[in-house]
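> pasting the structure only:
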């Protein structure tokens, strides 16, 4: 993997991330394909309509179903799902965090019960590296503990130190093994430390010292105020090396993306565009729409003023509202494609504004518009 920063505008960066499955222009948003699918969206729509250049899969879910044996026989996740562009896999640390009542964390790793059949499973830094090798992701995430919010300083500190020890084991295992399917894979460590400045600084310095090809920031967007998120990202970005990509995990709203791009973040993922789409919430150029509301019942205008930039102009607000109330699957599909295309267009436009030197003023204008409820 190779990363090049091509332009900067303040702290915002426009770069190129080169992998064996293709080159990614940054900043970039990665649609979340947790179990080998971005919900309600075909792969050809991801590539052609949404213009996704990389998607995310999840180690926890893919490990439990369809299981590694199937993925290995298919030749890896790319071939299994029919996707020839890059894939990043989350290590499963967040899923372990979210299953608090079904897991036990220790120095050796995490014991947890499958949410599918209740079977007892174990994740360690070593086997999570092996699992991700078998899944076949281009970018593999280190195994970490994602702390909750709020979190006591003592717990956050102890968790961060354990995540650092786990990272050393991840690196040793990753470096001792080889890719499974004939293309290169790379490992990203994860900065932790909750919302504590001293911990984030310490973690960022440790992660930078590991000298991997890219770095991630975890443990945010877990309930903390947005201003705390931005404060932590600003601190961490000032420490992580500028010549390597920075990935902010699990973030977020369109406004979150813009504010964090301004701080120097290059990569994002989040379930919000698809999850909210399935409940009728649409992101548009002028603000947020709840398409289920009565006010859209006889509104036959396109879903967004830009229309064909996001989804077929033939689909009106009134029609999508009808589909949602009728619980038609097509409604979730149209809304999901629209929201994902909006996100991808937003980061692409951010890149253009960074290159032209207009990003800060444009960002401030967009933040004001995108925060509105229509």
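All right, it came through fine. Since the model is a prediction, treat every value here as computed from it, not as a measurement.
> residue ranges of the helices in the chain, please?
If DSSP state H is used as the criterion, the helices of the chain fall at 43-48, 59-64, 68-74, 77-81, 93-98, 125-135, 153-176, 197-209, 226-237, 254-261, 272-278, 317-325, 329-356, 359-370.
> In the first one, which residues are buried?
Going by neighbour count (16 or more other C-beta atoms under 10 Å), the buried part of helix 43-48 is 43, 45-46. (Each C-beta comes from the backbone N, C-alpha and C, glycine too.)
> Could you do stretch 231-243 as well?
231-237, 239-240.
> which two in those are spaced the farthest apart?
The span of the buried residues of stretch 231-243, defined through C-beta to C-beta, is set by 231 and 240 at 15.3 Å.
> Point to the helix or strand of the chain where mean pLDDT is at its lowest.
When the helices and strands of the chain are scored by mean pLDDT, DSSP states H and E, helix 93-98 comes last with a mean of 71.
> which one of the buried residues of helix 43-48 sits closest to residue 118?
Proximity of the buried residues of helix 43-48 to residue 118 was ranked by C-beta to C-beta; the top entry is residue 43 with 32.0 Å.
> pLDDT wise, what is the closest one at?
On the pLDDT scale, residue 43 is placed at 97.
> What's the separation between residue 169 and residue 84?
According to C-beta to C-beta, to the nearest Å, residue 169 and residue 84 sit 32 Å apart.
> quick one, which of these two is more surrounded?
residue 169 (18 against 12; other C-beta atoms under 10 Å).
> isn't the more buried one right next to residue 125, touching?
Yes - using C-beta atoms under 8 Å, residue 169 is in contact with residue 125, at 3.9 Å.
> What are the neighbouring residues in contact with the residue located most distally from the centre of the chain?
With distances taken as C-alpha atoms, centre = their mean, the residue sitting farthest from the centre of the chain turns out to be residue 298, at 35.6 Å. Residue 298 is in contact with residue 318, counting by C-beta atoms under 8 Å, 6 or more residues apart in numbering.
> Could you report the distance from it to residue 374?
Relative to residue 374, residue 298 is positioned 16 Å away (C-beta to C-beta).
> Repeat that for residue 18.
Separation of residue 18 from residue 374 (C-beta to C-beta): 39 Å.
> One more: residue 221?
Taking C-beta to C-beta, one finds residue 221 at 24 Å from residue 374.
> Have a look at those two and say which one is more surrounded.
Set residue 221 next to residue 374 and count neighbours by other C-beta under 10 Å: residue 221 wins out with 19 against 12.
> Residue 189 against residue 212, yeah?
Yes - taking contacts as C-beta under 8 Å, residue 189 lies within contact range of residue 212: 5.6 Å.
> between the two, which one's more packed in?
Between residue 189 and residue 212, counting by other C-beta under 10 Å, residue 189 is the more crowded of the two (28 against 20).
> Quick one: residues contacting that one.
Shown in contact with residue 189 (C-beta under 8 Å, 6+ apart): 142, 167, 170-171, 207, 210, 212, 215-216.
> What spatial separation is found between it and residue 215?
For residue 189, the distance to residue 215 - C-beta to C-beta - is 6 Å.
> Return every residue with contacts to both of those two.
Counting by C-beta under 8 Å, 6+ apart, the shared contacts of residue 189 and residue 215 are residue 207.
> how about the residue most central in space within the chain, what does it touch?
Against the mean C-alpha coordinate of the chain, by C-alpha atoms, centre = their mean, the closest residue is residue 269 at 1.7 Å. By C-beta under 8 Å, 6+ apart, the contact list for residue 269 reads 29-32, 56, 88, 249-251.
> Pairing partners for it in the sheet, please.
Beta-bridge partners for residue 269, by DSSP bridges, are residue 30, residue 251.
> burial of residue 368, as a residue count?
Residue 368: 11 neighbours (other C-beta under 10 Å).
> picking that back up, list just the one of the helices of the chain that sits closest to residue 115.
Across the helices of the chain, closest to residue 115 is helix 59-64 (C-beta to C-beta), at 7.7 Å.
> Please parse this protein into its domains.
29-269, 277-370 (automatic domain parsing).
> burial of residue 11, as a residue count?
Count around residue 11 with other C-beta under 10 Å applied: 16.
> for residue 200, same thing?
Neighbours of residue 200 (other C-beta under 10 Å): 26.
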